[in-house]
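> can't give you the sequence, but here's the structure:
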């Protein structure tokens, strides 16, 4: 499936709603974390990184919690590394703090099959032994292929398997929006 | 008494008598008996319809490695002679670098005996200049000449010792024998595996400078001129060699020389994929040298096309480039590669035929390379309009080491006669190939 | 083969590459699976390898220095020439990627028993490796194997021809310091003619936009050196060092000096060695590289090799990351061709 063949089918969240959902997520994270000093956020490249940064700002401004932030590239842990003809681009991972005994929140934009999260958990374990790992996603669109669930969810949506749920954040896109993309109707 | 054979309707090309016209050719008793304009009436003759085809004297190759005795896995006198007649060659000179080398009567006789039994091309042995090809002491050239050697050379190796080479030239010319030099200064070519130039730099291969040939050609020309001996220079490959020889001949020196089809067809670029089929000595040169060779063929500086047919097995060739053996096979592609130059318009047809026939015959003073009445009926019949694709699997030579695999070439040898006997007939070869399949 | 209407042109085509068969064309070996050399590699492709090498470098800093990427893949290091550092570097790179790495030193044993290089390689192929890393004293061996074997071939240096991973790690070390090589001047000093490191570096550095100077006695500079890339030629080291941003000192191959390429180590060192005096001619923050192993006191003075400008140890560290990137690229392509979804 090539991206340029996809067209916007429906819009799920607009700017205001995204802000509100991220606020709720920050609150959810804070609620679940008994020890704010131990909290760290790890964004999964690439979609999880701007989201983790926004959560970090919300936690700081509204709840006075100041978790450090890390970036995790899961390319080397992907179970589909040997599939597809495009050479995957390995991006930088940057976790500038030890994870041992920390309360780690993995952050990603969309939860779908669960394979990315599986790879991220494996990668995370190579950086140390966290006390606990939570998963926070802006959108859970269902369709899991592995027994994985998110602890903090901004919005649950319905989308069929041939559709792509796209989270656009102004850090990397033109607008803040969550849209469902699908192939042009014939 | 052999039956009379009449070849009708062919264009006859024979530079030895300046003949290029449609005639009949009549052979009988192993000799050419007549070249009448109209077909003679003869009830007892075998007739060959050769309309649209060309008839030429059988080709003469001054430079062939037949590998027997000693390296029969690469070639035998029989397989080499079969490859020769398939390529239109009726007379070939067998190089002495066998094992043991041809530096004594016993080896010369063995070569002649094997050739007689094969009943294909005429095989003329070349003896070595020095005993064991070691470049130290002279072989018994007189005895070798009497046994049948027509040429003396240490081909494959140079005679590095200038004093010895000078004595060899003096001695052989006194015997009326001809020396052929392998022009390579090994202190310059040492361990190189291709021409030293742009391509060797790009490929990271140790190069052989053109001067490795040039200085030896200059040396040998100087020595031959000084002692007034004739000298034939083998496989000339550089522009400077051609120039040196041209000047020497202009001065009246008794210098002749030959060039190979691979040197006039290919350049150093052919080595670009590390294909060991393109590795030989002297190595393939740049385009300017190739052009100088063609110019030398045109203007008469070069008298002969010689294949330097050098069969090897995969054992010697399927190796790292710098470890692979030097040499390519050439008997079965030489005519078409020469004819390709004619087709491209860079070499006149008559001159091309001369370089394959009377040119080399004259170098050795042989009764060959001519269709004159009374001469030996060594003849080749060619289809000038046919094209074929080089496939080493179909070669009669045991050697498959050709750089021309897949080339589409013009001109096809159809039949070859030696002393009036058919030694090659393409129709039969095709039939038997089909029978096997 | 390009068909041309003009017959004359067709003929010259034949002469260039041997016309046929097309399978003999080196460009076909430009298959992304292989890394045979940097000749003809596009700048974008080089940059892509360097980008991912930087990502791999981070793995070296992790508490658990291992990623599962090449789990279940087999890498064979086939070395026909002794080498410790390159082989070790490839071995570590493979292991950090969880590949099974097997070292096969065919230096003398097999070849002395009469087995050809190709036999040895075919035997190893029967053990189904995914990547064969090959080092040979003969130029063109990686190309020969790429033509004959199924697995991906990565060159670890062939003869005087190329040493692509060395040049890539050198470029990586320079890019790490400079950000970009565009417009920078790099001097390469030593036996250019007989150095595969120089062969690959000239191609790599010029392709990345650097200006390259080559320097050595005339016996060490091939007369056609420009066929490797656009360079300027210098026979005085002072001239080559003047305001250069980096200098790469090549190892003097004492063991190969069966030919009279230079009179003596002493003379070479005086004329072409890098020392505390002439190093001042370089730009102020210039970098000093050496592919190793060094002949301390001959081509490079110890004080310079160990000085603040030297990035010789960066080169070694980057070598592992770069080779991880290269192995991933090679192994992945093999997998992709087998498992690519329809």
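That came in fine, so what should we check first? The model shown is predicted, which means the values in this text are computed figures rather than measured ones.

> For the rest of this, base every contact and every neighbour count on C-alpha atoms.
Fine.

> What are the phi and psi values at residue B:213?
Backbone geometry at residue B:213, expressed as degrees, to the nearest 10, gives phi -90, psi -50.

> isn't it right up against residue B:181?
No. In terms of Cα atoms under 8 Å, residue B:213 does not count as a neighbour of residue B:181; the distance is 10.6 Å.

> what's near enough to touch the closest residue to residue C:162 other than its chain neighbours?
Leaving aside its chain neighbours, residue C:162 sits nearest to residue C:196 (4.2 Å; criterion: Cα to Cα, 6 or more residues apart in numbering or on different chains). Applying Cα atoms under 8 Å, 6 or more residues apart in numbering or on different chains, we find residue C:196 in contact with B:204, C:157, C:158, C:159, C:160, C:161, C:162, C:163.

> Of those, which is the nearest to chain A?
Taking Cα to the nearest Cα as the measure, chain A lies nearest residue C:163 of the contacts of residue C:196, at 23.1 Å.

> What is the subsequent helix or strand relative to the longest helix belonging to chain A?
Looking only at chain A and at elements set by DSSP state H, the helix with the highest residue count is helix A:15-32. Sequence order places strand A:39-44 as the next helix or strand after helix A:15-32, per DSSP states H and E.

> Pairing partners for that next one, with directions?
Using DSSP bridges, strand A:39-44 pairs in its sheet with strand A:69-72 (parallel), strand A:103-111 (parallel).

> what residue is smack in the middle of chain A?
What sits nearest the mean C-alpha location of chain A, by Cα atoms, centre = their mean, is residue A:108, with 0.3 Å.

> circling back: next one: phi and psi at the residue nearest to residue C:162?
The phi and psi torsions at residue C:196 (degrees, to the nearest 10) take the values phi -70, psi -30.

> So residue A:103 sits against residue A:38, correct?
Yes. Counting by Cα under 8 Å, residue A:103 does reach residue A:38; the two are 5.4 Å apart.

> Next one: residue C:69 relative to chain A, how far apart?
Relative to chain A, residue C:69 is positioned 5 Å away (Cα to the nearest Cα, to the nearest Å).

> try residue C:302
36 Å.

> any idea how far that residue is from residue A:21?
Applying Cα to Cα, to the nearest Å, the value for residue C:302 to residue A:21 is 62 Å.

> cool, and residue A:119?
Going from residue A:119 to residue A:21 by Cα to Cα gives 26 Å.

> Which residue is the nearest non-sequential neighbour of residue B:293?
residue B:264 (6.2 Å).

> Now name the helix or strand holding the one you found.
Using DSSP H and E, residue B:264 maps to helix B:261-265.

> what's the answer for residue B:144, then?
Assessed by DSSP H and E, residue B:144 sits inside helix B:141-147.

> Tell me the helix or strand right after that helix.
Heading C-terminal from helix B:141-147 (DSSP H and E), you reach strand B:151-152.

> Give the next helix or strand downstream of that following strand.
helix B:162-175.

> quick one: contacts of the following helix or strand past that following helix?
Going down the chain from helix B:162-175, the next helix or strand is strand B:179-181, by DSSP H and E. Contact with strand B:179-181 is made by B:129, B:151-155, B:158-159, B:169, B:172, B:220, B:230-234, as judged by Cα under 8 Å, 6+ apart.

> Look up the pLDDT of the closest residue to residue C:269 other than its chain neighbours for me, please.
Spatial nearest neighbour of residue C:269, excluding adjacent residues (Cα to Cα, 6+ apart): residue C:298 at 4.9 Å. If you check residue C:298, the pLDDT there is 92.

> again with residue A:184
Note on residue A:184: pLDDT of 77.

> same thing with residue C:26?
At residue C:26, the predicted lDDT confidence score is 49.

> Ok, residue B:41 next?
79.

> Confirm it sits in a helix?
No. Counting by DSSP: H, G, I helix; E, B strand; the rest coil, residue B:41 falls outside a helix, being coil.

> For it, give its distance to residue A:147.
For residue B:41 relative to residue A:147 (Cα to Cα), the value is 101 Å.

> element containing whichever residue of the stretch 51-200 of chain C sits closest to chain A, please.
Closest residue of the stretch 51-200 of chain C to chain A, Cα to the nearest Cα: residue C:55 (4.5 Å). Using DSSP H and E, residue C:55 sits in helix C:43-57.

> helices or strands next to that helix in the packing?
Helix C:43-57 sits against helix C:164-178, helix C:312-339, with contacts defined as 3 or more Cα pairs under 8 Å, 6 or more residues apart in numbering or on different chains; DSSP states H and E.

> Past it, which element shows up next along the chain?
Using DSSP H and E, the next helix or strand after helix C:43-57 towards the C-terminus is strand C:74-79.

> list the buried ones in the helix or strand following that following strand?
Remark: after strand C:74-79, the chain's next helix or strand is helix C:85-96, criterion DSSP H and E. Neighbour-count burial for helix C:85-96 flags C:86, C:87, C:89, C:90, C:91, C:92, C:93, C:94, C:95, C:96 (criterion: 16 or more other Cα atoms under 10 Å in any protein chain shown).

> one step back: narrow the contacts of residue C:196 to those in strands?
Taking DSSP state E, the ones among the contacts of residue C:196 that sit in strands are C:157, C:158.

> Can you lay out the contacts of residue C:196 as TSV showing neighbour count?
Below are the contacts of residue C:196 laid out as TSV (neighbours: other Cα atoms under 10 Å in any protein chain shown):
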residue	neighbour count
B:204	22
C:157	31
C:158	28
C:159	22
C:160	27
C:161	29
C:162	29
C:163	25
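
> Can you tell me which of the contacts of residue C:196 lies closest to residue B:28?
residue B:204 (58.8 Å; Cα to Cα).

> distance of the nearest residue to residue A:147 once chain neighbours are set aside from residue B:244?
For residue A:147, ignoring the flanking residues on the chain, the nearest one in space by Cα to Cα, 6+ apart is residue A:114 at 7.6 Å. Residue A:114 sits 80 Å away from residue B:244, taking Cα to Cα as the criterion.

> for residue A:12, same thing?
Look at residue A:12 and residue B:244: by Cα to Cα, they are 87 Å apart.

> Go through stretch B:178-198 and flag the buried ones.
Within stretch B:178-198, the residues that count as buried by 16+ other Cα under 10 Å are B:178-186, B:188-189, B:192-198.

> should've said stretch B:307-323
Buried residues in stretch B:307-323, defined by neighbour count with 16+ other Cα under 10 Å: B:307-313, B:316-322.

> Okay, and which of those residues map to helices?
Checking the buried residues of stretch B:307-323 against DSSP H, those in helices are B:316, B:317.

> quick check: mean pLDDT across stretch C:68-75?
On average, the pLDDT along stretch C:68-75 is 93.

> contacts for it?
Identification of contacts with stretch C:68-75 by Cα under 8 Å, 6+ apart yields A:76-78, A:81, C:94, C:97-102, C:128-133, C:328, C:331.

> Strands - which of those residues land there?
In strands, defined here by DSSP E, the members of the contacts of stretch C:68-75 are C:100, C:101, C:102, C:131, C:132, C:133.

> packing partners for the worst-scoring helix or strand of chain B on mean pLDDT?
Least confident helix or strand of chain B, by mean pLDDT, DSSP states H and E, is helix B:426-436 with a mean of 78. Where contact means 3+ Cα pairs under 8 Å, 6+ apart, helix B:426-436 is packed against strand B:408-418.
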